[in-house]
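S.K.: generate coordinates for the sequence data below:
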Amino acid sequence: MEKFKENLHLLRETDSNALVVRLERNQRDLMQMRNKLRSYRCEPKTYNLFERIEALKSAMERCNKENRDVIQALKEGRTGIGEYIDQAKRQISEFRKLHSSVDDYLTNCSHGELHL
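M.R.: Got it, this is the predicted structure:
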């Protein structure tokens, strides 16, 4: 039984380390996406595009803050690590959705319209 608890702890530690690496990579990707959206080619040409880019910027800021909080908690090994691991997995899922939305915006922006 003691061996099982030890292995479970190691598994969680490995899982949390992998999640930290993934979240840090997502942080770098967020910076790249933010820079792409700042490009003159991505300036909104319609009100719909303006609303969309503002929503994306807000979502990116929120994602950035939440990622930093989770990364710090996982690195510090705070109490309730399982909760932070679950939150990290949700953050990764949210990042993927955000990345897809930014890609859609960039595609639509290059065509000068937004398909909602």
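S.K.: now the helices for this protein?
M.R.: 2-38, 47-76, 81-111 (DSSP state H).
S.K.: make CSV from those and add mean pLDDT and mean neighbour count to it.
M.R.: C-beta coordinates here come from the backbone N, C-alpha and C atoms, glycine included. Converted to CSV, the helices of the chain look like this (pLDDT from 0 to 100; neighbours: other CB atoms under 10 Å):
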stretch, mean pLDDT, mean neighbour count
helix 2-38, 76, 13
helix 47-76, 93, 15
helix 81-111, 89, 16
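S.K.: where's the most centrally placed residue in the chain relative to Arg62, distance?
M.R.: Closest to where the C-alpha atoms of the chain average out (CA atoms, centre = their mean) is Phe95, at 3.2 Å. Between Phe95 and Arg62 the distance is 11 Å, computed by CB to CB, to the nearest Å.
S.K.: how about Asp29?
M.R.: In terms of CB to CB, Asp29 sits 15 Å off from Arg62.
S.K.: again with Asp103
M.R.: According to CB to CB, Asp103 and Arg62 sit 18 Å apart.
S.K.: and what of Glu54?
M.R.: For Glu54, the distance to Arg62 equals 13 Å [CB to CB].
S.K.: just Asn48 next, same as before
M.R.: Going from Asn48 to Arg62 by CB to CB gives 21 Å.
S.K.: do Tyr105 as well
M.R.: Going from Tyr105 to Arg62 by CB to CB gives 16 Å.
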